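S.K.: model this:
(one chain, ligands or ions: 1)
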Amino acid sequence: MSIDYQSLAVKGVQALSPYQPGKPIDELARELGLDPESIIKLASNENPLGPSPKALAAVKDALGELCRYPDGNGFDLKQALSARYGVKPSQITLGNGSNDVLEVITRCFADQASEVVFSQYAFAVYPLVTQAIGATGVSVPAKDYGHDLDAMANAVTERTKLVFVANPNNPTGTVHGAEAIEAFLDRVPGRVLVVLDEAYCEYLQGEGYVDGLSLLARYPNLIVTRTFSKAWGLASLRAGYSISSSDIANVLNRVRQPFNVDTLALAAATAVLDDENYLQRSREVNAEGMKQLASAFDEMGLDYIPSAGNFIAVDVGEQAGEVNQLLLEQGVIVRPIGGYGMPRHLRVSIGLPEENDRFIEALARALDTVSSAECGKGV
Ligand SMILES: *Cc1c(COP(=O)(O)O)cnc(C)c1O
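M.R.: Model (predicted):
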């Protein structure tokens with residue numbers, strides 16, 4: 001008799017569905033016989049500028065070291081982060097992307113008896129890592145697509161070990177200001193760890209901006225996670241980190257893979273922290289593109305969720321699946337977010353001005369096609 005190996009997997013894993021990434025350009029090119037050069041991808045919140053020249057130069061310089069294991073302590077990168085953000089190297093935990101850190105945190109502090117609290121519509125990795133270790137995920141209904149921080153504090157029980165807060169959140173782009181975050185932290189007992197996921201914090205500017213790092217001294221149960229994948233433009237190299245108390249970092253460092261960040265990622269991340277100009281341009285291109293898309297949506301009469309990230313979720317109606325398909329056929333990749341319980345929305349990453357234009361044109365055409373098909377049905 002053949003063995004059903006899926007049934008041997010631990011319970012949480014059996015019920016998991018894999019994380020749905022944005023469709024790669026080459027895959028769409030193969031599927032539809034399109035020229036990869038003609039395809040634009042606005043599906044994974046990547047930086048449309050291409051990598052920083054400083055990061056590229058550092059990668060080239062490091063190529064000769066590929067036969068050696070990376071620096072498992074990430075000395076240079078921790079020094080650079082420490083200098084930039086005014087934290088001790090001992091507070092930093094490096095990860096293979098911040099997803100890695102999120103997983104390590106969950107494995108270190110939660111088990112099958114634990115509850116892990118996160119918001120409805122929050123980043124998909126939180127329920128995924130929670131379920132993988134067999135802990136109970138507690139999804140708290142959102143308020144206007146954002147985290148209902150009061151309800152999340154109320155959801156904390158004796159069994160709660162961790163609360164995930166994405167600020168700004170992906171895929172909704174919603175954000176909370178300093179006051180709301182502090183009021184929330186005041187309500188969470190110190191024995192419950194709060195993970196403040198700041199993957200998009202570099203895009204935040206001006207009023208209401210909350211810098212999780214400034215709260216660490218007051219809230220020792222806080223862990224701030226950040227990444228080089230978005231504003232810093234290094235999504236492919238996989239470098240992220242958390243900043244916490246040294247005590248918590250010490251725990252995380254026991255569980256993380258000793259060589260979880262490779263030499264090229266370490267080199268590029270260290271170098272890009274020096275490229276203030278690149279960061280500035282990332283912010284500018286994003287702010288402009290955000291305006292471009294929002295005003296196009298306004299003109300088209302489409303609802304969208306105001307976003308503090310480098311992406312925006314737009315309500316394209318019940319036919320979102322068809323609209324997405326029609327976009328793909330025009331060589332435009334965005335992200336349907338039905339999997340997040342938002343079947344009417346598409347999440348679009350902010351691109352270069354010409355990419356945004358192409359998306360807007362393709363969207364207008366797709367919506368036309370869908371609405372004329374709808375009319376046709378009624379006749
Ligand atoms: C993109 C993203 C991350 C980071 O991903 P990595 O590439 O693994 O660093 C983390 N949290 C949120 C909310 C994100 O959108």
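
S.K.: which residues touch the closest residue to the ligand within the stretch 251-379 of the chain?
M.R.: The shortest separation between the stretch 251-379 of the chain and the ligand is 7.5 Å, found at residue 309 (distances taken as CB to the nearest ligand atom). All C-beta spots, glycine's among them, are computed from the backbone N, C-alpha and C. Residues near residue 309 by CB atoms under 8 Å, 6 or more residues apart in numbering: 45, 168, 169, 170, 173, 200, 203, 230.

S.K.: export these to a markdown table and tack on neighbour count and distance to the ligand?
M.R.: Compiled in a markdown table, those are given as follows (neighbours: other CB atoms under 10 Å; distance: CB to the nearest ligand atom, whole Å):
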| residue | neighbour count | distance to the ligand |
| --- | --- | --- |
| 45 | 23 | 6 |
| 168 | 22 | 8 |
| 169 | 28 | 7 |
| 170 | 26 | 3 |
| 173 | 24 | 10 |
| 200 | 25 | 7 |
| 203 | 23 | 11 |
| 230 | 27 | 6 |
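
S.K.: where does this structure dip in pLDDT?
M.R.: Low-confidence segments of the chain, defined by pLDDT under 70, span residues 207-208, 376-379.

S.K.: the residue of the stretch 251-379 of the chain closest to the ligand: what secondary structure?
M.R.: Secondary structure assignment for residue 309 (DSSP: H, G, I helix; E, B strand; the rest coil): coil.

S.K.: test my guess that residue 43 contacts residue 20.
M.R.: No. In this structure, residue 43 sits apart from residue 20 without contact. The criterion is CB atoms under 8 Å, and the distance is 10.3 Å.

S.K.: which residues of the protein lie near the ligand?
M.R.: When proximity is defined by CB under 6 Å from any ligand atom, the chain lies next to the ligand at 45, 97-99, 123, 166, 170, 197, 199, 227, 229-230, 235, 240.

S.K.: repeat that for 5 Å
M.R.: Where proximity means CB under 5 Å from any ligand atom, the interface of the chain facing the ligand comprises 97, 98, 99, 123, 166, 170, 197, 199, 227, 229, 240.

S.K.: my guess is the last one meets residue 97, correct?
M.R.: Yes. Counting by CB under 8 Å, residue 240 touches residue 97, with 4.6 Å between them.

S.K.: what touches both of these two?
M.R.: Each of 227, 229 lies in contact with both residue 240 and residue 97 under the rule CB under 8 Å, 6+ apart.

S.K.: between the two, tell me which one has more neighbours.
M.R.: For residue 240 versus residue 97, the count of surrounding residues by other CB atoms under 10 Å is larger for residue 240: 27 against 24.

S.K.: who does that one form a beta bridge with?
M.R.: Residues found in beta-bridge contact with residue 240 (criterion: DSSP bridges) are residue 95, residue 227.

S.K.: which residues does it contact?
M.R.: With contacts defined as CB under 8 Å, 6+ apart, residue 240 is in contact with 94-101, 199, 225-229.

S.K.: ditto for residue 74
M.R.: With CB under 8 Å, 6+ apart as the criterion, the residues that contact residue 74 are 92, 94, 261, 266.

S.K.: next one: residue 336
M.R.: For residue 336, the contacting residues are 320, 321, 324, 346, 347, by CB under 8 Å, 6+ apart.

S.K.: excluding its backbone neighbours, what's nearest residue 65?
M.R.: Nearest-residue entry for residue 65: residue 263, 5.1 Å, with adjacent residues in sequence omitted and distances by CB to CB, 6 or more residues apart in numbering.

S.K.: next one: residue 180
M.R.: residue 149 (5.8 Å).

S.K.: so how many other residues sit close to the one you found?
M.R.: Number of residues near residue 149 (other CB under 10 Å) recorded here: 22.

S.K.: right, and it touches residue 183 too?
M.R.: Yes. Under the criterion of CB under 8 Å, residue 149 is in contact with residue 183, at a separation of 7.3 Å.

S.K.: mind listing what the residue nearest to residue 180 touches?
M.R.: The neighbours of residue 149, taking CB under 8 Å, 6+ apart as the test, are 165, 176, 180, 181, 183, 184.

S.K.: returning to that earlier point: got a winner among the residues of the chain next to the ligand for most neighbours?
M.R.: Per-residue neighbour counts (other CB under 10 Å) across the residues of the chain next to the ligand peak at residue 197, which has 30 neighbours.

S.K.: tell me what that residue is bridged to.
M.R.: The residues that residue 197 bridges to, once DSSP bridges is applied, are residue 166, residue 225.

S.K.: you'd agree it is up against residue 98?
M.R.: Yes. Counting by CB under 8 Å, residue 197 touches residue 98, with 7.2 Å between them.

S.K.: what touches both of the two?
M.R.: Contact with both residue 197 and residue 98 is made by residues residue 225, according to CB under 8 Å, 6+ apart.

S.K.: and whichever residue of the stretch 1-150 of the chain sits closest to the ligand, what does it touch?
M.R.: Among all residues of the stretch 1-150 of the chain, residue 97 sits closest to the ligand, at 2.6 Å; criterion: CB to the nearest ligand atom. Taking CB under 8 Å, 6+ apart as the definition of contact, the neighbours of residue 97 are 227, 229, 238, 239, 240.

S.K.: could you dump these into JSON lines with distance to residue 57 added?
M.R.: Shown next, in JSON lines, are these (distance: CB to CB, whole Å):
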{"residue": "227", "distance to residue 57": "21"}
{"residue": "229", "distance to residue 57": "20"}
{"residue": "238", "distance to residue 57": "19"}
{"residue": "239", "distance to residue 57": "16"}
{"residue": "240", "distance to residue 57": "22"}
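
S.K.: hmm, which two among these are most spread apart?
M.R.: Checked with CB to CB, the contacts of residue 97 reach their widest spread between 227 and 238, with 9.3 Å between them.

S.K.: all helices of the stretch 101-250 of the chain, in order?
M.R.: Secondary structure of the stretch 101-250 of the chain (DSSP state H, counting those that start in this stretch): helices at 125-132, 149-154, 178-187, 246-255.
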